[in-house]
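Asks: A predicted structure for the sequence below; I have some questions about it.
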Amino acid sequence: MITDELLHLLELKIKDLLARHDKLKQTTSQLQNGKSLLLEEKETLMQKQQRAISQIETLVSRLKSIEDLP
């Protein structure tokens, strides 16, 4: 037979597990939000990098055309 003390301990353990579950859900949500922000930042940086590459290629092309002048 389960005693009142065991029931109380079980109740405390269940409350602790529920609290941990809630904390893990909150942490997971924060991590997902952080991941989304990082992915957006990555996309922005990749676009900036592509623009910089394009500008450098344009400058190199201009320099080559200047070199080709008599």
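Replies: Received, thanks.

Asks: element containing Gln32?
Replies: For Gln32, the element it lies in under DSSP states H and E is helix 4-67.

Asks: what about that helix, average pLDDT?
Replies: If you average the pLDDT over helix 4-67, you get 97.

Asks: give me the helices and strands touching that helix, please.
Replies: In terms of contact count using 3 or more Cβ pairs under 8 Å, 6 or more residues apart in numbering; DSSP states H and E, helix 4-67 is assigned no packing partners among helices or strands. Placement of C-beta: from N, CA and C, glycine included.

Asks: how near is Gln30 to His8?
Replies: Distance, Gln30 to His8, by Cβ to Cβ, to the nearest Å: 33 Å.

Asks: now Asp16
Replies: Computed as Cβ to Cβ, the Asp16 to His8 distance reads 13 Å.

Asks: could you report the neighbour count for Leu38?
Replies: Residues within reach of Leu38, counting by other Cβ atoms under 10 Å, total 10.

Asks: to clarify, my last question referred to Lys23.
Replies: Residue neighbour count, defined by other Cβ under 10 Å, stands at 10 for Lys23.

Asks: swap in the one 4 residues further on?
Replies: Around Thr27 sit 10 other residues, with neighbours defined as other Cβ under 10 Å.

Asks: which residues touch it?
Replies: When contacts are counted by Cβ atoms under 8 Å, 6 or more residues apart in numbering, Thr27 touches no other residue.

Asks: number the chain from 80, please
Replies: In the new count, where the first residue is 80, that last one comes out as Thr106.

Asks: if I look at it, how far off is Asn112?
Replies: With distances taken as Cβ to Cβ, Thr106 is found 11 Å from Asn112.

Asks: got it, and Leu138?
Replies: Noted for Leu138: a distance of 39 Å to Asn112, by Cβ to Cβ.
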